[in-house]
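# Kindly return the folded structure for what I paste below:
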Amino acid sequence: RESFHMAIGAVAAHKLRSALTLLGVLVGVFSIIVVMTAMRVMQSYVESELSQLGDQTFMVRKYPMILFNRPEGLEKLRRRKNITLQEGLRLQESVTLARAVGVEADFWAGQVETRYKRTAPDVRLSGETPGSLPAHNWIVQDGRGLADADVEGARDVCVLGNSLAKTIFPTGSAVGEPVKINGVNYTVVGVLQAKGGSLGGNQDKFVVIPITTGLNRFGYVWRSLTILVQARDRASYDACVEEARGLLRIIRKTPPTEPDSFEIASNDSLIAQFNAFTLTVRVGVAVVSSIALLAAGIGIMNIMLVSVTERTREIGIRRAVGAKKRNIMTQFIIEAIVLCEIGGVIGVLCGILGGNATAWFFKLDPVIPFDWIVLGLLICSVVGIVFGTYPAYKAANLDPIESLRYE
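Reported below is the predicted structural model:
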């Protein structure tokens, strides 16, 4: 406790010098915490978004959800055959371990108009089959969802996202009302429960129509669809994935020696891909921060050596009145640690604020990476101990008589 108070007094006695010394530690810790906080914000967003797909649902697509391939790999993906509606329907008829199978396609973002209101041209329109609703965890709040008859007859009906329904029908129920989508009339048959906002947008601002209606209207020649498969339960999930993979290879006539001509993506696989991608960023930041902390440690050692020289007479007096070498070493090592920890605490606070600026900008929930905070402060202590030991050792081994003579 006495050494700590002496360290605080020494830091306060040379404010400018101490501030410049701890600046390097501040920058190093800040760079770690700000990136890790921003990564944690994005990771929590990705995990929450993917969890809306359902932990028992996986997707079958032509392209990977997250694409890290080099150009030659991308060209190989382009040569794959598109996934068609017929393939999706055949899989739906053949798979035995699935609770629901849906096929979907995104068409455009445009304008929706009613007699009450007209939206901005940013409403998502997607074509779906009835099995897509449970796979997406979409729950019908009012009216009904899509029916097989809607898809078979390519009817001009639609299901609205919750906030969109409230926007274009502010005074009553939307069910049964006509809407004009891209200049074409549809009839609303259902409204979904609300899910909220994400990344500065609103994920309830969309329209669902029968996939056959969308394909007939917007074309299907160059369009590859997405198949959604929901397993019966978590226990049968892996078996359902393998069954769907085998059936699709048969449906798409893939030779046994050839790799899959499609990608299967789930919550876990997408999160793993995201973490693998961000690992490179985290390693790069760790390297840069280590260089900054190394430079800061050298600066601390230099300042501590200057401090030992300036306080030679003080050290001699302490030794003369009975202080032992370990007392002198403890005093100067704690002073180095205090310098590092002050810089570390300021760096942590600035890093949390800077990292959560991402959350504020994208309207996400802020996070506090406690594990990285503890690690950052622990690194500060290590830097203080490592680079403060030599100056402390030098101070502890000064000759008391020579120290008392020092002017």
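# ok, for N162, nearest residue in space, not its chain neighbours?
A194 (3.9 Å; CB to CB, 6 or more residues apart in numbering). The C-beta positions use only the backbone N, C-alpha and C, and glycine is treated the same way.
# Report the separation between that neighbour and A174.
Going from A194 to A174 by CB to CB, to the nearest Å gives 14 Å.
# ranges for the helices of this structure?
Here the chain has its helices, by DSSP state H, at 2-13, 15-51, 71-78, 85-94, 132-135, 148-152, 162-168, 211-218, 237-251, 267-310, 312-320, 325-362, 370-396, 400-405.
# got a markdown table for those, with mean neighbour count too?
Below are the helices of the chain laid out as a markdown table (neighbours: other CB atoms under 10 Å):
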| stretch | mean neighbour count |
| --- | --- |
| helix 2-13 | 14 |
| helix 15-51 | 20 |
| helix 71-78 | 10 |
| helix 85-94 | 17 |
| helix 132-135 | 23 |
| helix 148-152 | 15 |
| helix 162-168 | 21 |
| helix 211-218 | 19 |
| helix 237-251 | 17 |
| helix 267-310 | 16 |
| helix 312-320 | 17 |
| helix 325-362 | 21 |
| helix 370-396 | 19 |
| helix 400-405 | 13 |
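# Which of A194 and A174 has more residues huddled nearby?
The neighbour comparison of A194 against A174 (other CB atoms under 10 Å) goes to A174, with 23 against 16.
# Enumerate every residue touching the more buried one.
D142, G143, L160, A165, I168, V188, V191 (CB atoms under 8 Å, 6 or more residues apart in numbering).
# Please tell me how far it sits from T114.
If you go by CB to CB, the gap between A174 and T114 works out to 8 Å.
# Give me the common contacts of the two.
Joint contacts of A174 and T114 (CB under 8 Å, 6+ apart) are I168.
# where does the stretch 1-150 of the chain have low pLDDT?
For the stretch 1-150 of the chain, applying pLDDT under 70 flags the ranges 46-55, 66-73.
# rerun that using 50 as the cut-off
69, 72 (pLDDT under 50).
# same deal with the stretch 151-300 of the chain?
In the stretch 151-300 of the chain, residues with pLDDT under 50: 197-202.
# Let's see that with 80 instead.
Within the stretch 151-300 of the chain, the segments meeting pLDDT under 80 span 195-204, 220-221, 266-278, 280-282, 285-286, 289.
# Could you tell me how many residues sit around D142?
17.
# if we can go back for a sec, looking at the helices of the chain, spot the one closest to T57.
helix 132-135 (4.7 Å; CB to CB).
# now for the closest one, which elements pack on it?
For helix 132-135, the elements it packs on are strand 98-110, strand 226-231, judged by 3 or more CB pairs under 8 Å, 6 or more residues apart in numbering; DSSP states H and E.
# Contact partners for A10?
A10 neighbours (CB under 8 Å, 6+ apart): S307, E335.
# And it, how far from T280?
41 Å.
# Ok, I334 next?
Taken as CB to CB, the span from I334 to T280 is 38 Å.
# How about S173?
Counting by CB to CB, the gap from S173 to T280 is 51 Å.
# where does T129 fall, phi/psi-wise?
Backbone torsions of T129, given as degrees, to the nearest 10, read phi -110, psi 170.
# what's around it, how many residues?
Using other CB under 10 Å: T129 sits among 27 other residues.
# before we move on, what about Y116?
13.
# how close does it get to P130?
Counting by CB to CB, the gap from Y116 to P130 is 29 Å.
# Same check on D365?
Taken as CB to CB, the span from D365 to P130 is 33 Å.
# Neighbour count: those two, which is higher?
P130 (21 against 10).
# Would you confirm that that one contacts A149?
No. P130 is beyond contact range of A149, at 9.6 Å (criterion: CB atoms under 8 Å).
# gap between the residue nearest to N162 and K205?
11 Å.
# What of M42?
For M42, the distance to K205 - CB to CB - is 22 Å.
# Could you do T358 as well?
In terms of CB to CB, T358 sits 22 Å off from K205.
# Over to V151?
Taking CB to CB, one finds V151 at 23 Å from K205.
# Kindly report the same for V103.
Taken as CB to CB, the span from V103 to K205 is 22 Å.
# Of those two, which one has the most company?
More crowded of V103 and K205, by other CB under 10 Å: V103, with 28 against 21.
# Verify the stated contact: that one with G88.
Yes. V103 is within contact range of G88, at 3.6 Å (criterion: CB under 8 Å).
# Now do the shared contacts for the two.
What both V103 and G88 touch, as defined by CB under 8 Å, 6+ apart, is the set T129, L225, I227.
# want to try a markdown table for these, with distance to R80 as columns?
Converted to a markdown table, the shared contacts of V103 and G88 look like this (distance: CB to CB, whole Å):
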| residue | distance to R80 |
| --- | --- |
| T129 | 22 |
| L225 | 13 |
| I227 | 14 |
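# ok, and the closest non-adjacent residue to L305?
P391 (4.9 Å).
# which residues does the one you found contact?
With CB under 8 Å, 6+ apart, P391 has these contacts: M301, M304, L305, S307, V308, F332, A336.
# so how far is T21 from the first one?
With distances taken as CB to CB, M301 is found 10 Å from T21.
# And for stretch 91-98, what's in contact with it?
60, 101, 103, 129, 131, 227, 229-232, 236, 239-240, 243-244, 247-248, 251.
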